[in-house]
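Colleague: the following comprises the amino acid sequence and a computationally predicted model.
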Amino acid sequence: MSKTILVVDDDPTQRRLIKAILEREGFAAALLPSGDALLDRLATGGACDLILLDLVMPGRSGIETLADLRARGHQHPVIVLTASGGIDTVVSAMQAGACDFFVKPASPERIAISISNALSMGALRSEVAQLRKRVEGRTTFDDLVGDSPAMQLVRRMGERAARSSIPVLISGESGVGKEVIARAVHGSSERAGRPFVAVNCGAIPAALVESILFGHEKGSFTGATERHAGKFQEANGGTLLLDEIGELPMEMQVKLLRVLQEGEVDPVGARRSVKVDVRIISATNRNLTQAVSEGSFREDLFYRLNVFPIEAPPLRDRRQDIPALAEAFIQRFNIEEGRPVSGATRETMDMLTRYDWPGNIRQLENAVYRAIVLSDGSQLQPYDFPAISGLSPPTGSAPAAAAAPQANVQPTESGPHPPLADSPVRILDEEGHVRALDAIEGDLIRLAIERYEGHMSEIARRLGIGRSTLYRKVRENGLGDMAGLDGG
């Protein structure tokens, strides 16, 4: 899903030129003639990831528009466009809330870099805010990604559960995000801001379950060199998530039942019980009803935990949320890995949406992570997900074909492009001498522009050069009009 950039400029020529640059970089561009049109669009909830705003426009100026944006609570990153780069103009724009500026006409490289930096900074702020909310125990259902009917039901149920301290049992397959739902219940309740402690019951050695959950006193057993409070005491006043509760040993189920009934724990080796005020949320990927019938889970404990059940849907039952989830992961891993990936192509998103994802959200997260690390382009392609698409990254490049001494070399077939019947890039001139390298290079770039229909990122990748180098060579060879760069 491409990022949407709003271009606000009263000059239609400038709008068209910037739109061409943005679309070549993989962005979706929406053109607006005035500040009023921008404010109207945002008021109706129109898509927007970044705004390019001209400072000098009839009626409402860019500075006034920017001030109104911030006053109305719109925090989209804004890059201002100006015909003059005076220090007073720049200072005024920055004070009003702009994150960058460039002087018209600007080169495609300058525009692309400015947009990339602004989007990265905005994504970084968002990620920091999410991490802060998580650490502070203030994650809410507004932070959950997805608006599918299945997720809307989870939100409604979770918000109701959050209004009380009722025990909640979240069930669902592995990787569906049960802990995220539990954190949202905690962050939406009166206990928000207090401790949220998660413990995986299936990952604790059987001999240590009692000590880890309920605590122990110093010297109570071999190796107990100091007092340990236990997870229940750590979560006192807040929420304790017992993940994979179905894996809890039977003898510990009895002690857990007593804690839930009495509201107090008995640390190993302690002389007296310790009162605790803990809200219990349990999670499991097992069918606990079946476990009760098989005798591997206590029936009385099951009824204590299963007071307010919430079913977390598998990803295949909420396919319409996959693009939003993928975009969120792309944004996060871009920050973590320092990558410039702007999104995924429509073909890629369609492929991800059709896939069944047996590993659910965790599998999607890992697949996007791998694709981000291995991708060479500005957008993720189907071949960046080889385990899903069955495709391998294309091999071979145009320079290799051009360097061959024969005139009828067949280039490697790649993707949807048909093989060329003959190489149109001549190596020798009319007299049989090798042509100048600059002349061959110009013909090669012209061929690549035609073959890849002006998609500069793809052309640069095929030629094995950076986009900025490609833009420079296009101008040096007088191919700006062919590539749609005149006036950029």
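Modeller: The structure has been received and is ready for your questions. Residues are numbered from 1 along each chain as shown.

Colleague: surely Leu352 meets Arg346?
Modeller: No: with contacts defined as Cβ atoms under 8 Å, Leu352 does not count as touching Arg346, sitting 10.9 Å away. Just so you know, the C-beta spots here come from the backbone N, C-alpha and C atoms, and that holds for glycine as well.

Colleague: neighbour-wise, which of these two wins?
Modeller: Under the neighbour definition other Cβ atoms under 10 Å, Leu352 and Arg346 were set side by side, and Leu352 has more, 24 against 12.

Colleague: the strand or helix carrying the more buried one - contacts with which helices or strands?
Modeller: Following DSSP states H and E, the helix or strand that holds Leu352 is helix 346-354. Counting contacts by 3 or more Cβ pairs under 8 Å, 6 or more residues apart in numbering; DSSP states H and E, helix 346-354 packs against helix 322-337, helix 386-389.

Colleague: among the ones you listed, which is nearest Gly202?
Modeller: helix 322-337 (25.3 Å; Cβ to Cβ).

Colleague: can you list the buried residues in that closest one?
Modeller: Neighbour-count burial for helix 322-337 flags 322-323, 325-335 (criterion: 16 or more other Cβ atoms under 10 Å).

Colleague: quick one: work out the angle between that helix and helix 346-354.
Modeller: Interaxial angle, helix 322-337 versus helix 346-354 (axes from the mean of the first three to the mean of the last three Cα atoms, to 10 degrees): 110 degrees.

Colleague: ok, so what distance separates the closest residue to Ser211 other than its chain neighbours from Ala162?
Modeller: If the residues on either side of it in the chain are set aside, Ser211 comes closest to Val268, at 5.5 Å by Cβ to Cβ, 6 or more residues apart in numbering. When Cβ to Cβ, to the nearest Å is the yardstick, Val268 and Ala162 sit 33 Å from each other.

Colleague: more neighbours: which of those two?
Modeller: Using other Cβ under 10 Å as the criterion, Val268 and Ala162 rank with Ala162 on top: 22 against 15.

Colleague: figure out the helix or strand that Val199 lives in.
Modeller: strand 196-200.

Colleague: buried stuff in that strand?
Modeller: Counting neighbours by 16+ other Cβ under 10 Å, the buried set in strand 196-200 is Phe196, Val197, Ala198, Val199.

Colleague: give me the pLDDT for the first one.
Modeller: The score at Phe196 is 95. That number is its pLDDT.

Colleague: so who does it touch?
Modeller: Each residue near Phe196 by Cβ atoms under 8 Å, 6 or more residues apart in numbering is listed here: Gly137, Ala182, Arg183, His186, Gly187, Ala235, Gly238, Thr239, Leu241.

Colleague: rerun at 7 Å
Modeller: Contact analysis of Phe196 by Cβ atoms under 7 Å, 6 or more residues apart in numbering lists Gly137, Arg183, His186, Gly238, Thr239.

Colleague: the last one is in contact with Ser282, isn't it?
Modeller: What it means is Thr239. No: with contact defined as Cβ atoms under 7 Å, Thr239 does not reach Ser282; the gap is 11.2 Å.

Colleague: what's near enough to touch the spatially most central residue of the chain?
Modeller: Nearest to the centroid of the C-alpha atoms of the chain, with distances taken as Cα atoms, centre = their mean, sits Ala328, at 2.1 Å. When contacts are counted by Cβ under 7 Å, 6+ apart, Ala328 is found next to Val145.

Colleague: and the helices in the stretch 151-300 of the chain?
Modeller: Using DSSP state H, counting those that start in this stretch, the helices assigned to the stretch 151-300 of the chain run over residues 178-187, 209-214, 231-234, 250-262, 288-294, 299-305.

Colleague: list the contacts of stretch 107-117.
Modeller: Residues from elsewhere that reach stretch 107-117, judged by Cβ under 7 Å, 6+ apart: 5, 18, 21, 25, 50, 79, 100, 102, 340, 468, 471, 485, 488.

Colleague: just the buried residues from those, in PyMOL please.
Modeller: Selecting in PyMOL just the buried members of those, where the criterion is 16+ other Cβ under 10 Å, is done with this command:
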select buried, resi 5+18+21+25+50+79+100+102+471+485+488
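
Colleague: ok, back up a step: dump the helices of the stretch 151-300 of the chain into CSV; add mean neighbour count as well.
Modeller: Conversion of the helices of the stretch 151-300 of the chain to CSV gives the following (neighbours: other Cβ atoms under 10 Å):
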stretch, mean neighbour count
helix 178-187, 24
helix 209-214, 21
helix 231-234, 21
helix 250-262, 15
helix 288-294, 14
helix 299-305, 17
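
Colleague: before we move on, back to that, list the buried residues of the helix holding Leu352.
Modeller: Buried, per 16+ other Cβ under 10 Å, within helix 346-354: Thr348, Met349, Met351, Leu352.

Colleague: coming back round to it: out of the contacts of stretch 107-117, which one sits closest to Arg132?
Modeller: When these are compared for distance to Arg132 (Cβ to Cβ), Leu50 comes out closest, at 23.1 Å.

Colleague: start from the N-terminal end of this structure and give the strands.
Modeller: Here the chain has its strands, by DSSP state E, at 4-8, 28-32, 50-54, 78-82, 100-103, 168-171, 196-200, 239-243, 264-265, 274-275, 279-284, 308-311, 343-344, 379-380.

Colleague: between those strands, which one is closest to Phe297.
Modeller: Across the strands of the chain, Phe297 has its closest neighbour in strand 279-284 (9.3 Å, Cβ to Cβ).

Colleague: ok, residues contacting that closest one?
Modeller: Residues outside strand 279-284 that contact it (Cβ under 7 Å, 6+ apart): 165, 167-171, 178-179, 182, 185, 191, 239-246, 260, 305.

Colleague: and with 8 Å instead?
Modeller: Contacts of strand 279-284 from elsewhere in the structure, counted by Cβ under 8 Å, 6+ apart, are 165, 167-172, 178-179, 182, 185-186, 189, 191, 238-246, 260, 305.

Colleague: make TSV from the helices of the stretch 151-300 of the chain and add mean pLDDT to it.
Modeller: As requested, these are exported to TSV (pLDDT from 0 to 100):
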stretch	mean pLDDT
helix 178-187	95
helix 209-214	91
helix 231-234	94
helix 250-262	92
helix 288-294	95
helix 299-305	96
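
Colleague: just tell me which of the ones you listed ends up closest to Asp277.
Modeller: Comparing those by Cβ to Cβ, helix 231-234 comes nearest, at 9.9 Å.

Colleague: on contacts alone, who are the packing partners of the closest one?
Modeller: Using 3+ Cβ pairs under 8 Å, 6+ apart as the contact criterion, the neighbours of helix 231-234 among helices and strands are strand 196-200, helix 209-214.

Colleague: mind putting these into JSON lines with distance to Leu380?
Modeller: Compiled in JSON lines, the helices and strands packed on helix 231-234 are given as follows (distance: least, Cβ to Cβ, whole Å):
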{"stretch": "strand 196-200", "distance to Leu380": "31"}
{"stretch": "helix 209-214", "distance to Leu380": "41"}
